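# Just to be clear, the model below is a prediction. Sequence and coordinates:
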Amino acid sequence: MDTTWLLALVAVVLVALVASIVDGRARGGRRQRGRR
């Protein structure tokens, strides 16, 4: 079975998720730190 495309897809999703989290923290993460 050729799962190379699956690994590539998972890698892209993980990178996008991490980038989204980092961008969200960098923009407004400091103000919402007190709530949680």
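Yep, it's here.

# Show me which residues of the helix or strand harbouring residue 9 are buried.
Here residue 9, judged by DSSP states H and E, is contained in helix 4-28. Buried residues in helix 4-28, counted by 16 or more other CB atoms under 10 Å: none are found. The C-beta positions use only the backbone N, C-alpha and C, and glycine is treated the same way.

# contact partners of it?
Helix 4-28 has contacts (CB atoms under 8 Å, 6 or more residues apart in numbering) with no other residue.

# Keeping just the C-alphas, turn stretch 15-29 into CSV.
What follows is stretch 15-29, C-alpha atoms only, in CSV (Å, rounded to 0.1, in the frame of the first residue of the first chain):
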residue,chain,number,x,y,z
VAL,A,15,1.9,22.4,9.9
ALA,A,16,-1.3,24.4,9.2
LEU,A,17,-2.6,23.7,12.7
VAL,A,18,0.6,24.7,14.4
ALA,A,19,0.9,27.8,12.3
SER,A,20,-2.7,28.8,13.1
ILE,A,21,-2.1,28.3,16.9
VAL,A,22,1.1,30.2,16.9
ASP,A,23,-0.4,33.0,14.8
GLY,A,24,-3.4,33.2,17.2
ARG,A,25,-1.2,33.3,20.3
ALA,A,26,1.1,36.0,18.7
ARG,A,27,-1.9,38.3,17.9
GLY,A,28,-4.3,38.1,20.8
GLY,A,29,-2.8,35.4,23.2
